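[1] Coordinates only, no sequence provided:
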């Protein structure tokens, strides 16, 4: 062999450094999270652009549902790419995911709006969201496993925590690009066309991610399996058809991932929806709060990953779950008191009551826009829901016309059932005007007053949420990788991860908003994440084994 050829062979055989592995894996994952979070952060603009044919509440709910739809397909991506990763290798699987994710995100920035192309726009948007969710389903497992299979046993928590930090970097990048674009073009232009820029910008990130991942080699654990001819030929059967592995899958799902989905997406997404939709906080203020918390979380993921290498994965994750369980309801009440104190004061001083025949009332939620909400009760409740005002339901006598009682003021509603669209619209506008006038007289604000905001107090509340989310999420990658055997690791860990984050977490904003609009209590949506977190605390405590330091060659 010639000297140059020998040098090339030696270079090819040289192990990839852990720093390079972490950088390349985290950079690609950061990019994919950026893509996903851009959409989640622009839910309000998306609803106006692609669902203008729906009523305001239904349009917003449809956009939240579409955000959740991307998560719905993540378990399918986990199965497809998990099988590829366990049969053919880790590297190829998560290189394919970044290509799919990036292509779909750039395409969203080019889609026609509802006004430009009618239903074609929303249909294409749904398709792109499905592709995004499908791709992200294969991304996380591959990146986490790739890093863990390169890391030393006593530093696995810290090494894989950089994959968790990639979520923070992705969210931070999405928020900063959105904020800079808003400042550059103005809010009006941003809502009209500027929202496309953050999606198109992902094309640059896609090129960087592909370049970095192409340079990687296969993970040493999979390379060992392949050299021995011992890689799994039927990952699905081994992972889900054999009770020892299936039992671990179920424990990981219920004992860890239910809480992960609920805690993380409540902290970083539903809190955003709550501040925007109910507290009427300006978008710039929300972005500032989330940027601050996201920057802090990037550090905390690594801190808690490092702690899990010393204290154990289970101990650190349990701390995060219990902290959030305690913080859910008091934390969101404090957000109201710090960001919109006038609303908190008005709710305490002058509670709102809707008095109506229950038969005249519908659930204030319609993701497909088929319900018109034209009864007297529905018009009254939809007005209050859109205003972010909590109300109590009081059953009226059968046949009674709905009324809204705001302190000393009683506002009768009017039915628009059976009327022409123009007349119905005028009736609804009249009722809304009278209800909003009563709310204003009672001191209910139409938006949060920046002069009365206690930003530091709100940051303190959000910091508690973020500590809980990071303590739970920081050690998860190491815990899941160590929980499953190498032969089916990609498949077995990816499915519970994406069912938990996708189906539980991804639908937190969607489901919580549905509960709020149905009950009239802006805090009632928190029962959804609270219930999943409480279930995980019990299962994790009694059934999840400690995995710190486990060998991976099994």
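    That came through fine. None of these values were measured; they are calculated from a predicted model. Residues are numbered from 1 along each chain as shown.
[2] show me where pLDDT drops low in the protein?
    Within the chain, the stretches falling below the threshold (pLDDT under 70) are 1-16, 32, 36, 40, 53-70, 363-372, 554.
[3] ranges for the strands of the stretch 251-400 of the chain?
    352-356, 392-395 (DSSP state E, counting those that start in this stretch).
[4] My error: substitute the chain in the last question.
    Taking DSSP state E to define them, one finds strands in the chain at 352-356, 392-395, 403-406, 409-412.
[5] The third one pairs with which strands, parallel or anti?
    It refers to strand 403-406. Strand 403-406 has these partner strands in its sheet, going by DSSP bridges: strand 352-356 (antiparallel), strand 409-412 (antiparallel).
[6] circling back: export the strands of the stretch 251-400 of the chain to JSON lines and tack on mean neighbour count and distance to residue 220?
    The C-beta positions use only the backbone N, C-alpha and C, and glycine is treated the same way. Shown next, in JSON lines, are the strands of the stretch 251-400 of the chain (neighbours: other Cβ atoms under 10 Å; distance: least, Cβ to Cβ, whole Å):
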{"stretch": "strand 352-356", "mean neighbour count": "21", "distance to residue 220": "63"}
{"stretch": "strand 392-395", "mean neighbour count": "13", "distance to residue 220": "61"}
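[7] circling back: looking at the strands paired with strand 403-406, which is nearest to residue 500?
    Nearest to residue 500 among the strands paired with strand 403-406 is strand 352-356 (36.3 Å), distances taken as Cβ to Cβ.
[8] sorry, back to before: who wins for proximity to residue 156 among the strands of the stretch 251-400 of the chain?
    Nearest to residue 156 among the strands of the stretch 251-400 of the chain is strand 392-395; the distance by Cβ to Cβ comes to 51.5 Å.
[9] What helices and strands are in contact with that closest one?
    For strand 392-395, the contact count by 3 or more Cβ pairs under 8 Å, 6 or more residues apart in numbering; DSSP states H and E identifies strand 352-356 as packing neighbours.
[10] who touches the strand it packs on?
    Contacts of strand 352-356 with the rest of the structure, by Cβ atoms under 8 Å, 6 or more residues apart in numbering, involve 376-377, 380-381, 384, 389-396, 400-406, 413, 439, 520.
[11] Can you say which of the strands of the chain is nearest to residue 160?
    Proximity to residue 160 (Cβ to Cβ) singles out strand 392-395 among the strands of the chain, at 47.5 Å.
[12] May I have the strands that pair with that closest one, each with its orientation?
    Counting by DSSP bridges, the strands paired with strand 392-395 are strand 352-356 (parallel).
[13] Which among the strands paired with strand 403-406 is found nearest to residue 549?
    Residue 549 lies closest, by Cβ to Cβ, to one member of those: strand 352-356, at 56.1 Å.
[14] rewinding a little: distance to residue 286 added to the strands paired with strand 403-406, as TSV?
    Written out in TSV, the entries for the strands paired with strand 403-406 read as follows (distance: least, Cβ to Cβ, whole Å):
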stretch	distance to residue 286
strand 352-356	25
strand 409-412	31
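[15] out of these, nearest to residue 319?
    When the strands paired with strand 403-406 are compared by Cβ to Cβ, strand 352-356 sits nearest residue 319, at 38.7 Å.
[16] Give me the buried subset of the contacts of strand 352-356.
    Members of these that pass the buried threshold by neighbour count (16 or more other Cβ atoms under 10 Å) are listed as 376-377, 380-381, 384, 389-391, 393, 396, 401-406, 413, 439, 520.
[17] residue contacts, the residue nearest to residue 276 when sequence neighbours are not counted?
    If you skip the residues right next to it in sequence, residue 276 has residue 286 as its closest partner in space, 5.9 Å away by Cβ to Cβ, 6 or more residues apart in numbering. Under the criterion of Cβ under 8 Å, 6+ apart, the contact partners of residue 286 comprise 272, 275-276.
[18] What about the buried ones among the contacts of strand 352-356, which are in helices?
    Among those, the members falling in helices are 376-377, 380-381, 384, 439 (criterion: DSSP state H).
[19] how about the residues you listed in a markdown table, adding distance to residue 351?
    What follows is these, written out as a markdown table (distance: Cβ to Cβ, whole Å):
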| residue | distance to residue 351 |
| --- | --- |
| 376 | 20 |
| 377 | 18 |
| 380 | 15 |
| 381 | 15 |
| 384 | 12 |
| 439 | 12 |
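[20] for the closest residue to residue 24 other than its chain neighbours, what are its contacts?
    Distance criterion Cβ to Cβ, 6+ apart; nearest residue to residue 24, sequence neighbours excluded, is residue 212 at 4.3 Å. Contact partners of residue 212, counting by Cβ under 8 Å, 6+ apart, are 23-24, 27-28.
[21] who wins for most neighbours among these?
    Neighbour count (other Cβ atoms under 10 Å) singles out residue 28 as the most crowded of the contacts of residue 212, with 30 neighbours.
[22] any idea how far it is from residue 133?
    From residue 28 across to residue 133, the span is 17 Å (Cβ to Cβ, to the nearest Å).
[23] Perfect, I'm done here.
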